[in-house]
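>>> Sequence and predicted structure are below.
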4 protein chains.
Amino acid sequence: MFNNYNKVEQAVLETTLRLIIEKELQATSMSLIAKESGVSTGNIYHYFSSKEEIINELYRGIVKFNGEFVTRELFTDEPIQTRFERAWRYVAELCQTYSEGFRFIEQYSFSPYITESTKQEAYKVGWCAPLARLYEEAVEQGLFIELDPEMMVQMHYGSMVYLIKGQLQGYFPVEERALRQVIQSFWASVSQTQADTKKAGSGT
Amino acid sequence: MFNNYNKVEQAVLETTLRLIIEKELQATSMSLIAKESGVSTGNIYHYFSSKEEIINELYRGIVKFNGEFVTRELFTDEPIQTRFERAWRYVAELCQTYSEGFRFIEQYSFSPYITESTKQEAYKVGWCAPLARLYEEAVEQGLFIELDPEMMVQMHYGSMVYLIKGQLQGYFPVEERALRQVIQSFWASVSQTQADTKKAGSGT
Amino acid sequence: MFNNYNKVEQAVLETTLRLIIEKELQATSMSLIAKESGVSTGNIYHYFSSKEEIINELYRGIVKFNGEFVTRELFTDEPIQTRFERAWRYVAELCQTYSEGFRFIEQYSFSPYITESTKQEAYKVGWCAPLARLYEEAVEQGLFIELDPEMMVQMHYGSMVYLIKGQLQGYFPVEERALRQVIQSFWASVSQTQADTKKAGSGT
Amino acid sequence: MFNNYNKVEQAVLETTLRLIIEKELQATSMSLIAKESGVSTGNIYHYFSSKEEIINELYRGIVKFNGEFVTRELFTDEPIQTRFERAWRYVAELCQTYSEGFRFIEQYSFSPYITESTKQEAYKVGWCAPLARLYEEAVEQGLFIELDPEMMVQMHYGSMVYLIKGQLQGYFPVEERALRQVIQSFWASVSQTQADTKKAGSGT
DNA sequence: TATGAATGAGTATTCATTCAT
DNA sequence: GATGAATGAATACTCATTCAT
């Protein structure tokens, strides 16, 4: 996951990620990171200026990895729906396969520990913006209702997050069939046709 | 928000909630809680056995409050859609009006700091289970697609969470019109009619 | 020496003074102060906000003590020379009897560890200013040459300091007879009569 | 100032002196010395066995330099007073022109960091002993009172130190006229004639 | 010679918790 | 009940020194 880093950095980042998921940030002391990563405390500080920097680097690294993972094949000449479904499948796969990274981002994306500049930097390499562009296309083509594309992506991502969370916590399994339905429901929830029907149906 | 507690407990819980949202858990020391709440450390330990207990009590108290807030008028004899829409409006109102509680639950629902027993206890008084019952009704009546009701509630809640998060972080505003559309999209995303249409449309 | 402080503060200040003289500031760790003073580290921080504050409080306390010690009976109606000689005797006695305080002030009066505000505060309670007033009187009465009184006090104090330093380091003993001569030489060095004679004699 | 050393040693010593004066010993880490001097830590340890050795070498080097500076033309056949005045002028010039060295010696001459052997070695190359020999001559010739020559040198040096300190701290300026008076007062303070007069005058 | 990555004991300070009053 | 002084283990971080290259 941290291929762009040297051996020491990689060991530190991987260990830190694992420990934070296992035990929480406050219980993840530098000396524990040192012991578990096999890098001495002094040397950790040779590569990272502070604990905060490790956490922020972790954040950046994961978001970048996730971004590349999800946006593969996003801008092909296939139909929008095909690409839409594939992207959300990748998101689901990502959250399940790299669940530590997923949980980390979930828990710390709103933490003061992650600086504003890290968040901004991360936004540029994440998948939310590219996916929002796909949604925008869909809106332009009259496929989707006229809602802020970013908002729609967030909503769908929220659904996915809570689905995975429910699964990770053992509330319910997320099988292939359910996943297919879920992704279809994403499309349905903002699709133009349905929206019209709906508006009529809701009668408000 | 903590009406069931005595004065001291109330002061401690309210102060702790405010501080945790302002500064994070690790920066919220017992002595700070003591100073800000006007209750001496010794006396805090008279009412709570540990810091962990305060946090867990906070969790329980907020979830209970939220549960009562959202499930008001949930089981009337109005049409399902009416009650569905009102419930989600209450959720939105809750998250926006009592945003500290919302953020706290968001941040700590997956934290090891909150014990399993607290989470289970909380589940019983929260609004997810009752709302899932409403969804179940809708499935039984053929209004909703055949998906685990809990799963659907989680998905919709996830959307709402990320919507509010986006708003709280200033990414986009959530105005009345958008909120109406969003709640309609919740209905649409799992409504039977649309699902059929969709299945046909998607062509997979 | 630290009578104005409570028991804990007194223990900490006395221990710190002793250790700093024995081992230097950098070798005087908080945990050592804690161990030697019998006050736990946590409790030291209950009374002092930081190590720097301890050192600064030490400085203030010693200077105040010294000031009171030396300026006893400085402004009586005795002849200036009597008071002059007594004051310098007190300085000598002080440096010898309370040599730890003397050495501490010597070593740290120019250290960045002692803040400007401490130095200013200390100046007001020290003995240099009162003694300079005595010198001023002597200048006004034509007893002393026309040199900045502060400068003269500093010069004489410097002599005294180096005398005591030499003694403390074992270079030479400072006996009663020598001390008398030294104090006389202080008077002589700035006395008007001699200065005139000298100017003539030096012939430059 | 460190002409007897090779390039690397010179860079290290000069950098260390500057840093210690700027920031104090405890804030002058080896890595800072390495960075500022352009010599890697490893290489510093090739030339100096420890940090302590650097400090001690600094001490020796400065004292040697000072010694040579002050004792120039000390043992000519000019009158004692001429040589006396010139020596003290050199001391004043030294303290003002090479103030970093002056301050270093001042601060560390009584520090446990400087070993006894360094101090003894330094004594042999410093200016105190030669100047004391001049004082001894003066005593022998009946010019000076019968006081330990070393003691007298220390006293006068102390005066000079505190004069310069007062100036460096901005308490008062030390102009040419004042300096002349001061050096005359040194002579006066221990001159035989004056001493007699004084003894009579003091009447104790 | 020269480099700078690596070490790990040591630093000041914090903080949940206890307990005498 | 209520106080806040006292405890001391734990924390993030530093730094003199070593050593493989």
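Cool, got the structure.
>>> Could you use CA atoms for every contact and neighbour count after this?
Fine.
>>> And the helices in chain A?
A:7-23, A:30-37, A:41-47, A:51-71, A:80-97, A:99-108, A:116-125, A:128-140, A:149-168, A:176-190, A:192-202 (DSSP state H).
>>> Report the separation between the residue in chain A positioned nearest to chain D and chain C.
Closest to chain D within chain A is residue A:46: 12.0 Å, counting by CA to the nearest CA. Distance, residue A:46 to chain C, using CA to the nearest CA, to the nearest Å: 24 Å.
>>> what's around that residue, how many residues?
Counted with other CA atoms under 10 Å in any protein chain shown, residues neighbouring residue A:46 total 12.
>>> follow-up on the earlier one: so which of the helices of chain A is the most surrounded?
helix A:149-168 (a mean of 23; mean count of other CA atoms under 10 Å in any protein chain shown).
>>> quick one: that one to helix B:149-168, angle?
140 degrees (axes from the mean of the first three to the mean of the last three CA atoms, to 10 degrees).
>>> and helix A:149-168, what does it pack onto?
helix A:80-97, helix A:128-140, helix B:149-168 (3 or more CA pairs under 8 Å, 6 or more residues apart in numbering or on different chains; DSSP states H and E).
>>> Compare these and give me the one nearest DNA strand E.
Between DNA strand E and these, the shortest gap by CA to the nearest atom of the strand is with helix B:149-168, which sits at 26.7 Å.
>>> contact partners of the closest one?
A:151, A:154-163, A:166, A:172, B:92, B:95-96, B:128-129, B:131-133, B:135-136, B:139, B:172-174, B:186, B:190 (CA atoms under 8 Å, 6 or more residues apart in numbering or on different chains).
>>> Nearest spatial neighbour of residue A:51, chain-adjacent residues omitted?
residue A:30 (7.2 Å; CA to CA, 6 or more residues apart in numbering or on different chains).
>>> any idea how far the one you found is from residue A:42?
With the distance defined as CA to CA, to the nearest Å, residue A:30 ends up 10 Å from residue A:42.
>>> next one: residue A:152
Taken as CA to CA, the span from residue A:152 to residue A:42 is 46 Å.
>>> out of the helices of chain A, nearest to residue D:107?
In terms of CA to CA, the element of the helices of chain A nearest to residue D:107 is helix A:41-47, at 31.5 Å.
>>> Check which helices and strands that closest one is in contact with.
Against helix A:41-47 (3+ CA pairs under 8 Å, 6+ apart) you get helix A:7-23, helix A:30-37.
>>> Mean pLDDT and distance to residue C:37 added to these, as a markdown table?
As requested, the helices and strands packed on helix A:41-47 are arranged in a markdown table below (pLDDT from 0 to 100; distance: least, CA to CA, whole Å):
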| stretch | mean pLDDT | distance to residue C:37 |
| --- | --- | --- |
| helix A:7-23 | 95 | 38 |
| helix A:30-37 | 96 | 29 |
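>>> Compare the ones you listed and give me the one nearest DNA strand E.
Among the helices and strands packed on helix A:41-47, helix A:7-23 sits nearest to DNA strand E (CA to the nearest atom of the strand), with 6.3 Å.
>>> Dump the helices of chain A to TSV, plus distance to DNA strand F.
Putting these into TSV (distance: least, CA to the nearest atom of the strand, whole Å) gives the following:
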stretch	distance to DNA strand F
helix A:7-23	11
helix A:30-37	4
helix A:41-47	4
helix A:51-71	4
helix A:80-97	27
helix A:99-108	16
helix A:116-125	17
helix A:128-140	31
helix A:149-168	27
helix A:176-190	39
helix A:192-202	50
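>>> Which one, of the ones you listed, ends up nearest to residue D:60?
That would be helix A:41-47 among the helices of chain A, by CA to CA, at 33.4 Å.
>>> Need the residues that contact that closest one.
Looking at what lies outside helix A:41-47 - CA under 8 Å, 6+ apart - the contacts are A:8, A:9, A:12, A:30, A:31, A:34.
>>> Does DNA strand E have contacts with it?
Yes. Legend: contact between helix A:41-47 and DNA strand E by CA under 7 Å from any atom of the strand is shown at A:41, A:42, A:43, A:44, A:46.
>>> any idea how far the second one lies from chain C?
To tie it back to what came earlier, the one meant is residue A:42. 20 Å.
>>> how close does that residue sit to residue D:43?
Residue A:42 is 20 Å from residue D:43, by CA to CA.
>>> ditto for the third one
Counting by CA to CA, the gap from residue A:43 to residue D:43 is 20 Å.
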